[in-house]
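Student: From the sequence below, what's the structure:
(2 chains)
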Amino acid sequence: FFPDDVLLRGLVKVGQLDMALQVIGEKAEQGIYKNVLHVNMLFKALIEANRLIHALKIFADMKGRGICPTLVCYNTLISGFCKVSMMDEACRLVKEMNTVGISPDLITFNTLVYGFCKAGGIVQVFVLLEEMKEKGIKPDVVTYNSLLRALLEADYPGKAQQLLTVIKDKGSSPDIITFTTIIDSLGKAGKFKQASKFFFLMINEGILPNVIACSSLIHGLCKQGHMHAATGIFEDMKRNGLTPNRVVYNTLIAGHCKAGHPDRAWSLVQEMTKSGFPKDPYTYSTLISGLAKAGQLERACEVFEEMRLAGCRPSVVVHNSLIDAYCKTGHMDIACRFFGDMEQRGLVPDVCSYNTLIAGFCRAGEVGIACSILLQMQENKCGADVISYTTIIHAFAKQGNQAEALRILLEMKKMRCAPD
RNA sequence: UCAUCUUUAAUAUUGC
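Tutor: You can find the predicted model right below:
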């Protein structure tokens, strides 16, 4: 009864992407592509669901039927490529835009700036900024926020103050995202005092913190074990009418576990549940690893059971947590069993799964087995990273086996593996 | 007529 485009929008909104694709497939002849708004919504939803390929298929079909995509449509797909760091493809689309006579706008450039920042191409970003200048497109606070994050991550986060000044000099007003980016970077670098400083600086500049700003600061404080201060921010936010969300709760729960207070973590789990947030996959993995680290492996296993009973499929992270727990208690057999379980459950072990086992065998003095796991990774197309190599290098060094340590070190250089 | 589409910030697991 509904016009097809309204139906399409509805399906996208409730997340029925397969049905939406079906509607597109059936109605392509009848002009479903006329309402570009809803097609764009579908593209965005597909990208968010890691199904960029499906979006590209429709995109090709659309063009095949002589329909010219809009600027927003191009921007959406470019963003999709940027999110997965496929910058060559992103640039190809920009070229295509130009050939069909659509000029990239500020959002196009912002998307590309974000993409190159994420892919580590700072040089390219400055090329883009030049190009924007030539075209008379003035960077805005979004442009600067993306760049700020990349610069803080690459360089020393101590540059925050200078960069903030630069943004103002360029004529943009730092916004809550600017400050949150700074607070987050500082917090992740362990500089919680600086992070707090910028939090209050933000308030002084008349920007009211939101839940995300608070959770960033709370995370920084938790990371350094300052649970009292973190709890203080948590209380402040509630007093000021901000409702903590699951991220805030999960962050504090992880903090309490790490600080060796699973009891406090549990009472927050209760509060969270009472506030209308049932345990989510983050809560489960936080509790499982947290309880195990606090020496309560039995309780961790109970949570593992509970999550399965609740119909929450144990993720790779949950398996990794248990593998680590059993490695650290000297049960390599059980750890290996959990590793095997993953494949049986249709999960693909990630770098962290392998690294955890490698570390386990190194700790057990079985560096040879650790090396064979390293080889296994290559066979299974799972690229080893800096952690994989350094774990083994340290193990050999500890045994006094300089020759082998050096051999792995050279191999690491040769492989130019991913940094941590 | 209006509205609806695109860009930037927060949480869990591995080595030192």
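Student: Tell me, how many residues neighbour residue A:80?
Tutor: Using other C-beta atoms under 10 Å, residue A:80 is surrounded by 26 other residues. For glycine as for every other residue, the C-beta is placed from the backbone atoms N, C-alpha and C.
Student: Help me confirm that it is found in a helix?
Tutor: Yes - under DSSP: H, G, I helix; E, B strand; the rest coil, residue A:80 falls within a helix.
Student: any idea what sits nearest it, other than its immediate chain neighbours?
Tutor: In space, and not counting its chain neighbours, residue A:80 is closest to residue A:47: 3.9 Å by C-beta to C-beta, 6 or more residues apart in numbering.
Student: same thing with residue A:420?
Tutor: residue A:386 (5.1 Å).
Student: In terms of pLDDT, where does the one you found sit?
Tutor: In this prediction, residue A:386 carries a pLDDT score of 94.
Student: number of nearby residues for the residue nearest to residue A:80?
Tutor: The number of residues near residue A:47, taken as other C-beta under 10 Å, comes to 20.
Student: how about it, secondary structure?
Tutor: Per three-state DSSP, residue A:47 ends up helix.
Student: Surely it is in contact with residue A:81?
Tutor: No - with contacts defined as C-beta atoms under 8 Å, residue A:47 does not count as touching residue A:81, sitting 9.1 Å away.
Student: Look up how far RNA strand B lies from residue A:341.
Tutor: 14 Å (C-beta to the nearest atom of the strand, to the nearest Å).
Student: what's that residue sitting at in phi/psi?
Tutor: Backbone torsions for residue A:341, taken as degrees, to the nearest 10, come to phi -60, psi -40.
Student: Would you mind listing what in the stretch 101-250 of chain A touches RNA strand B?
Tutor: A:106-107, A:110-111, A:114, A:141-142, A:145-146, A:149, A:176-177, A:180-181, A:184, A:188, A:210-213, A:215-216, A:219, A:245-248, A:250 (C-beta under 7 Å from any atom of the strand).
Student: Please pick the buried ones from those residues.
Tutor: A:107, A:110-111, A:114, A:141-142, A:145-146, A:149, A:177, A:180-181, A:184, A:188, A:212-213, A:215-216, A:219, A:246-248, A:250 (16 or more other C-beta atoms under 10 Å).
Student: Restricted to helices, list these.
Tutor: A:107, A:110-111, A:114, A:141-142, A:145-146, A:149, A:177, A:180-181, A:184, A:188, A:212-213, A:215-216, A:219, A:246-248, A:250 (DSSP state H).
Student: correct me, but residue A:118 touches residue A:84?
Tutor: No - the pair residue A:118 / residue A:84 is not scored as a contact, 9.3 Å apart, by C-beta under 8 Å.
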